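Colleague: here is the input, now give the coordinates:
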Amino acid sequence: MDFLTEYNLTGLAIGIATFLIIGLFHPLVIKGEYYFGTKCWWVFLLSGIVSIAASVVIADLFWSTLTGVWGASSLWSIGELFEQRKRVEKGWFPRNPKRETQA
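Modeller: Residues are numbered from 1 along each chain as shown. Modelled structure (predicted):
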């Protein structure tokens, strides 16, 4: 952490980590909808609430920010999960033939 602060790289590191976190949630939403449908929305809700609460109590700015980004991305993913269901219905993404209910 001292290296990031000393060379004014904290913002860049936060930006790169934010990009990676958001990029991670894209396949999580797709795979979550494929295997579980929209029933897994509560996992994203729980992750978002816990992460945002943790970001408030973490004192370090770097980790607090990344935890907040994780929480916001989790909450955003709830909406994306339901949008993904619509994309599957339109045929833009494959439907899981092994899942009995598509809800």
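Colleague: for the host helix or strand of Val43, buried residues please.
Modeller: Following DSSP states H and E, one finds Val43 within helix 41-57. Neighbour-count burial for helix 41-57, counted by 16 or more other Cβ atoms under 10 Å, picks out 41, 43-44, 47-48, 51-52, 55. In this view, the C-beta of every residue, glycine as well, is placed from N, C-alpha and C.
Colleague: again, but for stretch 22-33
Modeller: Buried residues in stretch 22-33, counted by 16+ other Cβ under 10 Å: 25, 28-30, 32-33.
Colleague: inside helices: which ones of those residues?
Modeller: 25, 28-30, 32-33 (DSSP state H).
Colleague: export the residues you listed to JSON lines and append columns for distance to Pro97 and pLDDT.
Modeller: Formatted as JSON lines, those follow (distance: Cβ to Cβ, whole Å; pLDDT from 0 to 100):
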{"residue": "Phe25", "distance to Pro97": "25", "pLDDT": "97"}
{"residue": "Leu28", "distance to Pro97": "21", "pLDDT": "97"}
{"residue": "Val29", "distance to Pro97": "20", "pLDDT": "97"}
{"residue": "Ile30", "distance to Pro97": "16", "pLDDT": "96"}
{"residue": "Gly32", "distance to Pro97": "17", "pLDDT": "95"}
{"residue": "Glu33", "distance to Pro97": "14", "pLDDT": "94"}
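Colleague: of those, closest to Ile78?
Modeller: Nearest to Ile78 out of those is Val29 (Cβ to Cβ; 9.2 Å).
Colleague: and the helix ranked longest in the chain, what does it pack against?
Modeller: Looking across the chain with DSSP H, the single longest helix is helix 61-89. For helix 61-89, the packing partners by 3 or more Cβ pairs under 8 Å, 6 or more residues apart in numbering; DSSP states H and E come out as helix 10-36, helix 41-57.
Colleague: which helices and strands does the longest one pack with?
Modeller: Of the remaining helices and strands, those touching helix 10-36 by 3+ Cβ pairs under 8 Å, 6+ apart are helix 61-89.
Colleague: follow-up on the earlier one: just the ones in helices among the buried residues of stretch 22-33 now: which is nearest Phe62?
Modeller: Ranked by distance to Phe62 (Cβ to Cβ), these are led by Phe25 at 19.9 Å.
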